[in-house]
Every structure is written in C-alpha cells, then in structure tokens.
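Undergrad: No sequence on hand, only this structure:
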C-alpha cells in the first residue's frame, strides 16, 4: 500500500479480474490477461474504450485488463512463448488449484494422472483460485480465493502468494 492507503492500480486490476472470473463460477481453465494503461487506451482508442465501458473519469493510473484467447493451450507452454507489445504494461494470470492438507502428498500416487484424480477426490482438499499480476517494472500483486468463501471481504491479498507464477509472468516481458 502506498502512503495514502489506496490500493495500487495493479492490486485494483487483479481484484477486478477475480471478481469478473468469479461470476463464471468454478472449474475454469487458466485465463490470461494483458494489462494496458487505461489513460493510454482512452487517448489512442476512444471508440474501443467506450465499447468496453471505460468511463472517462477513470483514475489516471488505472489499468484495463484485456483477456487473451489461449484456446485451451497448456499455460506452461504459452508463458514461455508469449511476448507483449509495448502498449501492454502488465499481465495477469488466473489459475485454479487443489490444495491438500500438510502431509497428504505422502499418500499421493506416483503416476500424474492417478495423482490428479486422487487429489480431486481427497476429502480434505480445498479448491483455490489465484490471480497473479506483474508489471513491466517488476511490481507484483496477487489475490487468492478459497472455494466456498465467495464474499468480497474473503479475498486473500498478498504480494507473493505464488512467487513461481509471478516469475513466469515477469519473464514474458524479457
């Protein structure tokens, strides 16, 4: 948080993405977003900005998330290949994961397919959705939602909830 306790543009953007994705329910594939400067978008593409509902009085540092068509490709493959145009100031990734209680992985089958099925049926599993955002300047933010905790005030916020995802996203700007 900055001195005036207002969340950064990146924090606002990833919370907005999570709220948007939450509207589509759970059990979704990974979703990737480019983050563009809203002020830049308003000046370069006023018609597009109006079509996607950007208000002219939006805060000057605001970011506009633009969902990318990843066509069901594995996110690991996509992240090593993607490059962003200069107009993209950041990016964000939405992933759902299964979290198991401590020690549970000791009983997990070795085969990947069997392990995935085993985890999905584990009685103490938690489903989580994480949204990680990274800016060109290296700043990062992330939010996490646990399935069954859908209220706005139940969103968990933290700069490094998923450092490995943040690193993979940051590399898309190199």
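TA: Right, received. Where do you want to start? What you see is a predicted model, and the numbers here were worked out from it, not measured in a lab.

Undergrad: Tell me which other helices or strands the helix or strand bottoming out on mean pLDDT in the chain touches.
TA: Lowest by mean pLDDT, DSSP states H and E among the helices and strands of the chain is helix 46-51, with a mean of 80. Contacts defined by 3 or more Cβ pairs under 8 Å, 6 or more residues apart in numbering; DSSP states H and E place helix 46-51 against helix 38-44. For every residue, glycine as well, the C-beta is placed using N, CA and C.

Undergrad: which parts of the helix it packs on are buried?
TA: With burial defined by 16 or more other Cβ atoms under 10 Å, the residues of helix 38-44 counted as buried are 38, 39, 41, 42.

Undergrad: Farthest-apart pair in these, please.
TA: Between any two of the buried residues of helix 38-44, the greatest separation by Cβ to Cβ is 7.3 Å, found for 39 and 41.

Undergrad: quick one, helices of this structure?
TA: Ranges of helices within the chain are 9-22, 38-44, 46-51, 75-81, 112-121, 163-171, based on DSSP state H.

Undergrad: Save those helices as CSV, and put in distance to residue 57 too.
TA: As requested, the helices of the chain are exported to CSV (distance: least, Cβ to Cβ, whole Å):
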stretch, distance to residue 57
helix 9-22, 15
helix 38-44, 10
helix 46-51, 12
helix 75-81, 35
helix 112-121, 45
helix 163-171, 30
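
Undergrad: now residue 136: how far from residue 31?
TA: For residue 136, the distance to residue 31 equals 20 Å [Cβ to Cβ, to the nearest Å].

Undergrad: Who has more neighbours out of these two?
TA: Set side by side, residue 136 and residue 31 show more neighbours around residue 31, with 21 against 15, by other Cβ atoms under 10 Å.

Undergrad: Contact partners for the more buried one?
TA: With contact set as Cβ atoms under 8 Å, 6 or more residues apart in numbering, residue 31 has these partners: 21, 67, 70, 93, 94.

Undergrad: out of those residues, who has the most neighbours?
TA: Neighbour max across the contacts of residue 31 (other Cβ under 10 Å) = residue 93, 27 neighbours.

Undergrad: residues in contact with that one?
TA: Contacts of residue 93 (Cβ under 8 Å, 6+ apart): 30, 31, 32, 33, 75, 79, 131, 132, 165, 169.

Undergrad: tell me the centre residue of the chain?
TA: With distances taken as Cα atoms, centre = their mean, residue 131 lies nearest the centre of the chain, 2.7 Å away.

Undergrad: quick one on the thing from earlier: check the buried residues of helix 38-44 against residue 11 and report the nearest one.
TA: residue 38 (14.8 Å).

Undergrad: which residue sits closest to the closest one, ignoring its sequence neighbours?
TA: residue 62 (3.9 Å; Cβ to Cβ, 6 or more residues apart in numbering).
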